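Peer 1: give me a 3D structure for the following:
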Amino acid sequence: MVAPRLPLGRRLSRAVVLFCGLLVQPVLAAGPSSPPLVEVPKIQPSAVAPPAALAAAQPIFGTPRDYPLMAASQPTSLLGTRDGGLWFAASGLGAIGRLDRASGAVTYYPLGVGARPYAIAEAPDRSIYAVDRALNVLHRLNPETGEATRIAMPGDLPFLDLAALRIDHDGKIWFSGATGWLGSHDPASGQTDVSSHEDLLGLAGSASGPNGAIWFVAGKSGRMIRIEPRRFRHDSMAVPADVHGVRGLAAGPNGEVWIAAARTPTLARYSGRGSWLSVRLPWPDARSQALVVRADGMLFAADVGRRKLIRYHPVLERFDEVGDLGTGGTIRAMIDLGDAIAIADMGADRIRVFPDDPAKHN
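Peer 2: Take a look at the predicted model:
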């Protein structure tokens, strides 16, 4: 199956061969046959703000837990797999990691010399794919065996700066590069298709909607694109001018998407047909870097400016502080695990999990 031709940019396509069976040279351990490196840290409860500050958080979450990662892990992406696993891209170590929430054990799967995985996603066959910001390749990890292979881009392409990855309902992999590129890879045929796309200059995030739509947003171009794979449809739209420092992107249950602004206390919602709504956060120093929207439409954002987890109720148009992010740095990843929300902190080399509190949930 060949990827649909996109209307913008010059077209470069070529079938590439999967480098199957290539065991990566471990970055963290010597010898090609070395097992994945396992680290078993002690699970630590996070620092909790005074009761008055967390009054709004108590009905939503139980006590959050910290899962320390190996130094220099720099987690940039989180993935909750269908078997209940919690995976992350350890960009600083050139590896993909798996966290066992019960024991706190962390297993690292090195991807080879020079690797810098950035975004990860699970395919229908349970393989985990990653884009690489240092190499023009996709990585495929077999979670059962730990075997990793590389899928090269066509050789005459420039550096793509691959930074976002999504997998559609048919298993096709869609990826984009911050230098202005959009591509797809069909695991069944091995074909990779890549085209230039100025709307993706300064790529900042991606999201997948429950209806199958795939979204990419870019800060430098100030554009967002939507791909509907099964309809062979592609749209591009401008981001509101008052949204500065585009960072996070999250899809909601009713086809809407939300954007976080890292330079202004603003969130923006797109609900289709050119309809945008900008929502001003009530805290002047708020700076959101990552977002997630739950099945009930509630939006949660990591406010790095004040180091708070905040909730926005769209119907009531109300913001609440619902958690403390603790000390740390840049937050690139935040996901809903169904029974908890997980946040990866690059600066702290930590994953903080906020478990739901069923007895107090509202």
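
Peer 1: checking the nearest residue to H169 once chain neighbours are set aside next. Helix, strand or coil?
Peer 2: Leaving aside its sequence neighbours, H169 sits nearest to G212 (CB to CB, 6 or more residues apart in numbering; 5.1 Å). Every C-beta, even on glycine, is put in place using the N, C-alpha and C of the backbone. Counting by DSSP: H, G, I helix; E, B strand; the rest coil, the backbone at G212 sits in coil.

Peer 1: got the contact list for G212?
Peer 2: 168-169, 228-230 (CB atoms under 8 Å, 6 or more residues apart in numbering).

Peer 1: pull the CA atoms of stretch 119-138 into CSV?
Peer 2: In CSV, the C-alpha atoms belonging to stretch 119-138 read as follows (Å, rounded to 0.1, in the frame of the first residue of the first chain):
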residue,chain,number,x,y,z
ALA,A,119,9.0,9.8,20.1
ILE,A,120,7.7,6.3,20.4
ALA,A,121,4.4,4.4,19.5
GLU,A,122,3.0,0.9,19.6
ALA,A,123,2.1,-0.9,16.4
PRO,A,124,-0.8,-3.4,16.1
ASP,A,125,1.8,-6.3,16.3
ARG,A,126,3.0,-4.8,19.6
SER,A,127,6.3,-3.7,18.2
ILE,A,128,7.5,-0.4,19.4
TYR,A,129,8.7,2.2,16.9
ALA,A,130,10.7,5.3,17.5
VAL,A,131,11.9,8.3,15.5
ASP,A,132,15.5,9.4,15.9
ARG,A,133,16.6,13.1,16.2
ALA,A,134,20.2,12.3,15.4
LEU,A,135,19.9,9.8,12.6
ASN,A,136,17.7,9.6,9.6
VAL,A,137,16.1,6.3,10.7
LEU,A,138,13.2,4.7,12.4
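
Peer 1: give me the mean pLDDT for that stretch.
Peer 2: For stretch 119-138, mean pLDDT is 97.

Peer 1: how many residues are close by G62?
Peer 2: Residues near G62, counting by other CB atoms under 10 Å, number 17.

Peer 1: surely it meets V353?
Peer 2: No: look at G62 against V353 with CB atoms under 8 Å: they stay out of range, at 9.9 Å.

Peer 1: now L249: which helix or strand?
Peer 2: strand 246-251 (DSSP states H and E).

Peer 1: any idea how far G209 is from the residue nearest to E256 when sequence neighbours are not counted?
Peer 2: Once flanking residues are discounted, E256 sits nearest to S271: 4.6 Å by CB to CB, 6+ apart. According to CB to CB, to the nearest Å, S271 and G209 sit 12 Å apart.

Peer 1: overlap in contacts, these two.
Peer 2: Shared contacts of S271 and G209 (CB under 8 Å, 6+ apart): G255.

Peer 1: looking at those two, which has the bigger crowd around it?
Peer 2: G209 (19 against 13).

Peer 1: mind checking how far the residue nearest to H169 is from I167?
Peer 2: On the measure of CB to CB, G212 and I167 end up 11 Å apart.

Peer 1: just V293 next, same as before
Peer 2: 19 Å.

Peer 1: quick one on the thing from earlier: now for the contacts of G212: which two are most distant?
Peer 2: Distances among the contacts of G212 were taken as CB to CB; the most separated pair is H169 and E228, at 10.8 Å.

Peer 1: higher neighbour count, those two?
Peer 2: Taking neighbours as other CB under 10 Å, H169 and E228 compare with E228 leading, 16 against 12.

Peer 1: need the helices for the stretch 1-150 of the chain, in chain order.
Peer 2: Assignment of helices within the stretch 1-150 of the chain using DSSP state H, counting those that start in this stretch yields no ranges at all.

Peer 1: good, we can wrap up now.
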